Structure formats: C-alpha cells, structure tokens
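Trainee: Okay, sequence plus prediction incoming.
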Amino acid sequence: MSTTFLRRARGAVVLGMAPVLALAACGSEGGSGDAAGDGSVRMLVNITDNLTQAKWEELVKPFEDESGIDVKIEGPSGQSVAESFPALLAAGTAPDVIESIVPGPDTAPEVLDLTEYEWASGTPMADLYSTDGTINVVGVGMQAQSLMYYNADLFAEAGITEPPTTWDELDDALAALAANDVATPIAFASDWATGVQVQEIWHPQQNVSTPGWQQSVADGSSTLGDQFQPVFEHVADWIEAGYTTADDVATDSGTQEANFIAGDVGVYPMGSWFSTTLAASPPDFEVGVFAPPVDDAADVPGPMGATLAFPYMVWKGTANPDGATALVEYLTTDDAAIAAQAEMDSFSREGLEPSSNEYAGMVQELSDAAPSYVVPGNQTVGDYALPVAGFNPKFTELVQGLWQGRPPADVAADLTAWYEAEKLG
C-alpha cells in the first residue's frame, strides 16, 4: 500500500491556552558573558523569512510581561547560529539561551545539564536527543525530514498512477517524468541543501539496512563510505540520465522552492518546513507528499528521519540560570508559546490540534504512518552522535562532486578518509 497524501488535509498547529509561567528573575553568580544576573536573558536565534525578529519578540512578550525578565533577541553574528555560538563562546560573550542548534563535540561541555528539571524530560524527543541519560537540549516538537514533495499533476500527465515506494519505482517515475518533458524530474539545491537532501532520501533504507548506523560507524563495524555509497550511486545514475543537472547544485534552495511552486519540478526532497512555504504561496497544481523509497516493498514505509523542532540550549556559564531555564521551560511547555512557534514553522507534537495548513496536515499523516523516528545524519546527537564535528558541511562538499562527474566510490572513499582523519585528530 502506498504511503502518500494528496487530499486537502489539516495539519498540526493549535493548542489550548495555558497560564504563562509566573516567576521571578532570580540571578546567580558566575558567567563571563554580557548577560548579567540583572533580570535579562540574551537568546541567540535563527532569523529567516518566517522566523523574523518581530515574531521572536512577539513570542517572548507574554513571558516578559509575567516574569519581569527582559528577553533580548539576537540573530547570528555570522552566517548561522552554528557558526556564531562557538565564536561568541571564544569571545566571552556567549548568550544565555541558544536556539536552532544541538550540542556538538565542541559545544556540549559548554551547555547546561537540564536533566534535574522535571519539565525537561517531558519535552518531545528528549530521550532520543539525550546522551547517556543526560538532557542538555530540549525542543517543542518533531520536524520530519524524510519527505518527497511532488507535483501530482505532472505525475498524472506522465502516466504515474501511484507514488513510488521502492527505489526501482522511483527510478521508473523519474524516467516517465523526463520522457514527458518535465524540466526537472527531481530537484536538488545548492549550499547546505544538497547534503541535507541526499541524506533525507536515504534515511529510510539506511536505517532498515543498519539501524542506529551512527553507532556502527562510531564503533568501527561500518564506515561512512559504506553507509552512503549506495545513495551516491543512485544520485549519480540520475545525473547521468539528466534528471538532475549541475545547474541544480548552483541554484539556492529559495529559487528551487520557487521552481517547484511554478510547476517546473516533478519531485522536491525537503523537510517538513517546506510545508510552511507552500502554505504561504500555494501552487496552482495539486501537491502530494510521499516517503523516500526503500529497496524492498515489504519494508514500506521505512523509518522517518526526524529532527527536534525549535531546539533550545542554556549556556552553562550564564549569569542568570534561573531566568534562562525559566524562559526555555516556557517556550517548550506553555501551550500558547508552542502554538505560536508552530505558526512560525510547522512541526508535529502530541496534543496539537489541526490547522488550516493543508500541506502540514499531509506531512503529519505521513509522519504518523512511520514505524519509527530516527536521528538523521546531518544532526547526529546524543547517543547517536558521530565522534567528530563538521560532518554535514563535509558531506555536502563531497556529495556536490557527484554533479561534477566524480565517481560514487571515490566520493564514498573520501568521506571515510575524512572521518578517520578527524577522529584521530
């Protein structure tokens, strides 16, 4: 049975209102950053088209009004929060709360252990993102990553009656789209998106073949090359067939999203956040969503790659740990705050009521059908963390070589060699 959703379904957004946390801004000694125990909390956040400064400030205002704590919203000083936080740590000006990233090998020692807080263990995916039972990052929900958005009208015109569920069926579908003169049967994008998309399409089969594959790589029973060479071969075949071209990985994700909405793309692999973009600019055609394929139809649907939505960490050196942890508790447990964040960027969470975002609704039902959730490669964390930093940028750099004609085996070998070198030093 095909796991796909086309109908005008409803997604996940609204929760009932709950009282805002009433608390005092109790500062503590210590901390070397700018945030003093003066009733203020600095929060470093991701700023995007849908996660604007104004929306962040609106989100924290009820907390400020009830607690008396002044929350200072700050965007990245560099290109991203992931780049900015280590730089701010080195400069001695780290923020109290960090949003949008998870602890890595270099930053985990700088993050506050939240395990002792009873509310932390009840947040979504807390166990999956914990390390040896220690909780140092919490979030508001789950964002599915193993998703393939498709133009249902182009599928119908190409004679594709059911979305593909196996890799052979996906190859056949892309061939049919190409034969029907679809400009881009499957679209990839440049920069960070290339690596994320290639990993997204491989999550289900990878975790069928090697459950908890990160641990297998870490203990030496597998290699990164072993884990990813099969998907490199799939992508190389698509490039050779012309289903995706070098122009793709020179085109930013915003432009590729616009190309999909314009009707020029058959299939677009992307995470659940793309549903927010679709809701803001609904295409003139019917959109469907299906799970990436697996080798054997008996394994349909495969495990769902999923990430923590709106992850929050508290800097261990904060001068105001009480205020910082209270803010994070509010953001991850207050019904109104959760609903507001879901409107900013769609995610799934138990107890969320449906919204008018039909695309988020399709994603929700697809996520519900998954047999399990798995930590994707681009966000290895907790007990599923690779013992090296910088995996996703390196993966992206190497995988883009496929579009320049590099053989899949060479790309896989280079990925393994990079990992082994990083592990040693």
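Mentor: Sure thing, it's come through.

Trainee: how about the helices in the stretch 101-250 of the chain?
Mentor: 152-157, 167-179, 192-209, 213-218, 224-241 (DSSP state H, counting those that start in this stretch).

Trainee: by contact count, what packs against the fourth one?
Mentor: Helix 213-218 is packed against helix 224-241, with contacts defined by 3 or more C-beta pairs under 8 Å, 6 or more residues apart in numbering; DSSP states H and E. Backbone N, C-alpha and C define where each C-beta goes, glycine included.

Trainee: Check what contacts the next helix or strand after the helix it packs on and list those residues.
Mentor: Once the chain leaves helix 224-241, the next helix or strand it forms, by DSSP states H and E, is helix 253-261. When contacts are defined by C-beta atoms under 8 Å, 6 or more residues apart in numbering, helix 253-261 is touched by residues 149, 151, 184, 187-193, 248, 251, 265, 268, 270, 274, 277-278, 281, 283.

Trainee: Mark which of those are part of strands, please.
Mentor: Applying DSSP state E to the contacts of helix 253-261, the entries found in strands are Y149, N151, T184, V265, Y268.

Trainee: follow-up on the earlier one: from the contacts of helix 253-261, which would you call buried?
Mentor: Neighbour counting by 16 or more other C-beta atoms under 10 Å classes 149, 151, 184, 187-193, 248, 251, 265, 268, 270, 274, 277-278 among the contacts of helix 253-261 as buried.

Trainee: how does this structure divide up, domain by domain?
Mentor: Per automatic domain parsing, the structural domains of the chain span 9-144+308-369, 148-302+388-424.

Trainee: Quick one, which of those gets closest to G377.
Mentor: When these are compared by C-beta to C-beta, domain 148-302+388-424 sits nearest G377, at 4.7 Å.

Trainee: looking at it, Y384 is touching Q214, isn't it?
Mentor: Yes - using C-beta atoms under 8 Å, Y384 is in contact with Q214, at 4.6 Å.

Trainee: Please enumerate the shared neighbours of the two.
Mentor: What both Y384 and Q214 touch, as defined by C-beta under 8 Å, 6+ apart, is the set V375.

Trainee: Wait, V198 touches V235, no?
Mentor: Yes - here V198 reaches V235: they are 6.2 Å apart, a contact under C-beta under 8 Å.

Trainee: which residues are common contacts for these two?
Mentor: The contact sets of V198 and V235 overlap at V399 (C-beta under 8 Å, 6+ apart).

Trainee: about what we covered before: compare the mean pLDDT across the domains of the chain and name the weakest.
Mentor: Here the lowest mean pLDDT among the domains of the chain goes to domain 9-144+308-369, at a mean of 85.

Trainee: and that domain, how far from the chain's centre?
Mentor: Here the centre of mass of C-alpha atoms in domain 9-144+308-369, compared against the chain's by C-alpha atoms, centre = their mean, to the nearest Å, lies 15 Å away.

Trainee: Next: stretch 160-167.
Mentor: Offset of stretch 160-167 from its chain centre (C-alpha atoms, centre = their mean): 25 Å.

Trainee: Now that stretch: buried residues?
Mentor: I160, P163, P164, T165, T166, W167.

Trainee: what's the distance between the first one and Q229?
Mentor: Look at I160 and Q229: by C-beta to C-beta, to the nearest Å, they are 28 Å apart.

Trainee: Please apply the same query to the second one.
Mentor: The span separating P163 from Q229 equals 26 Å under the rule C-beta to C-beta.

Trainee: And for the third one?
Mentor: P164 is 21 Å from Q229, where distance means C-beta to C-beta.

Trainee: From the centroid of the chain, which residue is nearest?
Mentor: Central residue of the chain (C-alpha atoms, centre = their mean): T307, 4.8 Å from the mean position.

Trainee: of Y384 and Q214, who's got more company?
Mentor: A count of neighbours by other C-beta atoms under 10 Å puts Q214 above the other of Y384 and Q214, at 24 against 19.

Trainee: and T93, which of the three is it?
Mentor: Here T93 is recorded as coil under DSSP: H, G, I helix; E, B strand; the rest coil.

Trainee: Distance check, it against T134.
Mentor: Applying C-beta to C-beta, the value for T93 to T134 is 26 Å.

Trainee: Sticking with the residue lying closest to D153 once chain neighbours are set aside, tell me its helix or strand.
Mentor: Sequence neighbours aside, F285 is the residue nearest to D153 in space, at 4.1 Å (criterion: C-beta to C-beta, 6 or more residues apart in numbering). Using DSSP H and E, no element contains F285; it sits outside every helix and strand.

Trainee: For F285, grab the count of nearby residues.
Mentor: Counted with other C-beta under 10 Å, F285 comes out at 16.

Trainee: next one: E420
Mentor: E420 has 14 neighbours, counted by other C-beta under 10 Å.

Trainee: How about G425?
Mentor: By other C-beta under 10 Å, the residues close to G425 number 6.

Trainee: just S221 next, same as before
Mentor: When counting by other C-beta under 10 Å, one arrives at 11 neighbours for S221.

Trainee: contacting residues for it?
Mentor: With C-beta under 8 Å, 6+ apart, S221 has no contacts at all.

Trainee: The chain should start at 38 in everything you say after this.
Mentor: Let's use 38 as the start, then, which means that last one is S258.

Trainee: if I look at it, how far off is Q264?
Mentor: Counting by C-beta to C-beta, the gap from S258 to Q264 is 11 Å.
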